[in-house]
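Novice: quick one: sequence and predicted model below, then my questions.
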Amino acid sequence: SHKTLTATDIRLRKGREPLVCLTAYTTPIAKLVDAHCDVALVGDSVGMVLHGLPSTLSVTLDMMILHGKAVVRGLSHALCVVDLPFGTYEESPEQAFRSAARILAETGAAAVKLEGGVHMATTIDFLVRRGVPVMGHIGLTPQSVNTLGGYKVQGRDADAERVLSDARAVSEAGAFAVVLEKIPHSLANLITSTVACPTIGIGAGPDCDGQILVVDDMLGLFADFRPKFVKRYANLAVQAEKAISVYAEEVRNRQFPSQEHSFGERA
Ligand code: KIV
Ligand code: NA
């Protein structure tokens with residue numbers, strides 16, 4: 001279909017075909033994602049994946065807007081969702097609205113995502129009532145790495161009730177979908193059958209209404225980072241390393257450029 005999907009279209013997919021989502025940070029990757037996916041998420045993971053930051057905590061609104069604009073230029077079908085970065089929405093619903101309004105106005109994206117459950121429900125409701133579709137994100141919320149004590153599985157055993165309450169609160173506040181990150185698959189199954197909005201899993205098992213991965217992870221664009229929940233569909237870093245080493249050798253040997261890549265005189 002050539003129609004651009006809306007947040008409402010995504011919400012109405014609950015209980016129908018799985019929602020296919022990937023991150024995108026640049027125009028060329030957005031074009032590839034657009035051909036096969038329902039949602040392109042401009043995740044704040046961009047800070048770690050493309051900018052070499054140690055966590056998502058120092059990602060700024062300006063960075064999200066710059067990458068958001070690049071991604072929107074590559075899309076004609078998928079819904080573009082842009083992450084609200086750490087420190088730009090937690091203080092108050094008003095602060096969240098100011099940040100979200102900049103994202104929508106300056107990038108052309110049609111939705112934002114923010115991290116947090118029960119404690120962010122008032123903010124989600126405030127944004128949705130003022131025209132900003134919100135995707136929730138609960139379970140492992142990387143912006144809270146310092147209070148969670150690391151990137152650990154959330155919602156195991158006695159902690160399940162907390163994550164379930166977060167899912168309920170986000171859905172009832174009007175989120176059009178909710179990301180479930182790194183929780184037991186049985187809990188993701190329970191949440192998916194409990195809440196009204198679609199669940200999008202990452203490390204949350206097969207029973208969610210949709211799935212998302214960081215595109216650079218699933219393409220194998222780096223060598224080092226390989227969490228259990230990421231399936232490698234390609235090993236592009238290996239191919240890139242080979243290509244760069246052959247180029248370096250050919251330049252050193254004066255094999256490149258050959259005649260075929262050089263210009264002659266006009267006449
Ligand atoms: O920033 C990100 O890439 C995300 C997804 C992994 C859900 O939030
Ligand atoms: Na994120």
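Specialist: Thanks, I have it. Quick caveat, the model's predicted, so the values are computed rather than measured. Ligands and ions are numbered 1, 2, ... in the order given.

Novice: residue of the stretch 51-200 of the chain with the smallest distance to ligand 1?
Specialist: Minimum separation of the stretch 51-200 of the chain from ligand 1 (Cβ to the nearest ligand atom) falls at residue 179, amounting to 4.7 Å. C-beta coordinates here come from the backbone N, C-alpha and C atoms, glycine included.

Novice: tally of neighbours for that residue?
Specialist: Residues within reach of residue 179, counting by other Cβ atoms under 10 Å, total 27.

Novice: give me the three-state assignment for it.
Specialist: Secondary structure for residue 179, judged by DSSP: H, G, I helix; E, B strand; the rest coil, is strand.

Novice: how near is it to residue 113?
Specialist: In this view, residue 179 and residue 113 are 7 Å apart by Cβ to Cβ, to the nearest Å.

Novice: how about residue 205?
Specialist: Residue 205 is 20 Å from residue 113, by Cβ to Cβ.

Novice: could you list the low-pLDDT ranges of the stretch 1-150 of the chain?
Specialist: Scanning the stretch 1-150 of the chain for pLDDT under 70 picks out 1-2.

Novice: re earlier: so the residue of the stretch 51-200 of the chain closest to ligand 1 touches residue 134, yeah?
Specialist: No. If you go by Cβ atoms under 8 Å, residue 179 and residue 134 don't touch, sitting 11.4 Å apart.

Novice: common neighbours of those two, please.
Specialist: Counting by Cβ atoms under 8 Å, 6 or more residues apart in numbering, the contacts common to residue 179 and residue 134 are residue 113.

Novice: show me what contacts residue 174?
Specialist: Listed by Cβ under 8 Å, 6+ apart, the contact set of residue 174 reads 124-125, 128-129, 134.

Novice: pick the one among those residues closest to residue 70.
Specialist: Of all the contacts of residue 174, residue 134 has the smallest distance to residue 70: 22.1 Å, by Cβ to Cβ.

Novice: if you count surrounding residues, which of residue 205 and residue 113 has more?
Specialist: residue 113 (23 against 17).

Novice: distance of the closest residue in space to that one that isn't next to it in sequence relative to residue 80?
Specialist: Among residues not flanking residue 113 along the chain, residue 135 sits closest, at 4.1 Å (Cβ to Cβ, 6 or more residues apart in numbering). Distance of residue 135 to residue 80, given as Cβ to Cβ: 11 Å.

Novice: more crowded one of these two?
Specialist: Neighbours of residue 135 and residue 80, each counted by other Cβ under 10 Å, are more numerous for residue 135; the result is 29 against 26.

Novice: in which helix or strand would I find that one?
Specialist: Under the criterion of DSSP states H and E, residue 135 resides in strand 134-139.

Novice: and residue 29, by the same measure?
Specialist: Taking DSSP H and E as the criterion, residue 29 maps to helix 27-34.

Novice: so what does that helix touch, helix or strand wise?
Specialist: When contacts are defined as 3 or more Cβ pairs under 8 Å, 6 or more residues apart in numbering; DSSP states H and E, helix 27-34 sits against strand 39-42, helix 61-73.

Novice: any chance of the contacts of residue 174 in a markdown table, with distance to residue 168 and secondary structure too?
Specialist: A markdown table is the format used below for those (distance: Cβ to Cβ, whole Å; DSSP: H, G, I helix; E, B strand; the rest coil):
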| residue | distance to residue 168 | secondary structure |
| --- | --- | --- |
| 124 | 12 | helix |
| 125 | 13 | helix |
| 128 | 16 | helix |
| 129 | 19 | helix |
| 134 | 15 | strand |
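
Novice: with those in mind, which one is nearest to ligand 2?
Specialist: Relative to ligand 2, the closest of the contacts of residue 174 is residue 134; by Cβ to the ion it sits at 13.5 Å.

Novice: how close does the nearest residue to residue 88 once chain neighbours are set aside get to ligand 2?
Specialist: Leaving aside its chain neighbours, residue 88 sits nearest to residue 99 (4.1 Å; criterion: Cβ to Cβ, 6+ apart). Plainly put, residue 99 is 14 Å away from ligand 2 if you go by Cβ to the ion, to the nearest Å.
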